[in-house]
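Trainee: Just the structure for this:
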Amino acid sequence: MRVKDTQKEQLIRKKTMELVVKHGFDGLSMHKLAKAANVSVNTIYLNFKNREDLLVEVYAGVVARMEAQMLKNFHEDLDFAEGLRIQWKNRLEYYIKHPTEIHFIEQLRYSPLFEKAMGRQGQEFARIQRKFCANAIEKKQLKPLTEEVYWAIAYAPLYQLLKFNQQKRSMSGMKFTLTAEKVKEALSQVLIALTP
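Mentor: Predicted structure coming up:
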């Protein structure tokens, strides 16, 4: 029995994301992937059971790395404004450094595999985020909101700015570059909306 080669596995994961981002899920076959990664189809099956397993595992790996980045210098006992600032900083850094990974998880989010992939996400990240919010509400630093409304207000502005930055255009079609000043301006408005 052959032993897994972790470098080849990482290359397979990377090429999977690249193919999905460039060609969509229909553009990903095991043969195309083997050619792109310069490995045999058998090497792919040594690491992954099938195409669905491959996609779910790649997604789980990206989410694990992303969650680790988001928790950098963050803990549930931080004051709300500081914790949210750290979350924005961590998310911003990850999204800018890993655009292919972000495109990949966005595409998977709107596929039938998303439910299965969500089941692979770690619960620790969600637990820490919930505790952070509960602590902030208790300290009267955060308005009590439903979880979905909180997430929409807290993070949608950042993600929209990142989309404009990626497209290099604003909604009106004007040239756009994300700057520290624009991030600071948006975060200050989010804090106004969320704090009592």
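Trainee: Below-threshold pLDDT in the chain: ranges please.
Mentor: 1-4, 120, 122 (pLDDT under 70).
Trainee: How is it partitioned into domains?
Mentor: Domain assignment of the chain by automatic domain parsing yields the ranges 1-48, 49-194.
Trainee: Let me have those in TSV, adding mean neighbour count as columns.
Mentor: (Each C-beta comes from the backbone N, C-alpha and C, glycine too.) Below are the domains of the chain laid out as TSV (neighbours: other Cβ atoms under 10 Å):
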stretch	mean neighbour count
domain 1-48	15
domain 49-194	15
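Trainee: Please report the distance of residue 85 from residue 137.
Mentor: 18 Å (Cβ to Cβ, to the nearest Å).
Trainee: what's the answer for residue 159, then?
Mentor: Residue 159 sits 23 Å away from residue 137, going by Cβ to Cβ.
Trainee: repeat for residue 17
Mentor: For residue 17 relative to residue 137 (Cβ to Cβ), the value is 37 Å.
Trainee: Over to residue 125?
Mentor: As for residue 125, its distance to residue 137 is 19 Å (criterion: Cβ to Cβ).
Trainee: just residue 70 next, same as before
Mentor: Counting by Cβ to Cβ - residue 70 and residue 137 are separated by 20 Å.
Trainee: who's in contact with residue 17?
Mentor: 58, 62, 100, 101, 103, 104 (Cβ atoms under 8 Å, 6 or more residues apart in numbering).
Trainee: Okay, and it sits in which element?
Mentor: Assigned by DSSP states H and E, residue 17 falls within helix 6-23.
Trainee: Show the subsequent helix or strand relative to that helix.
Mentor: helix 30-37.
Trainee: what's the offset of that next one from the middle of its chain?
Mentor: In this view, helix 30-37 has its centroid 25 Å away from the chain centroid, taken as Cα atoms, centre = their mean, to the nearest Å.
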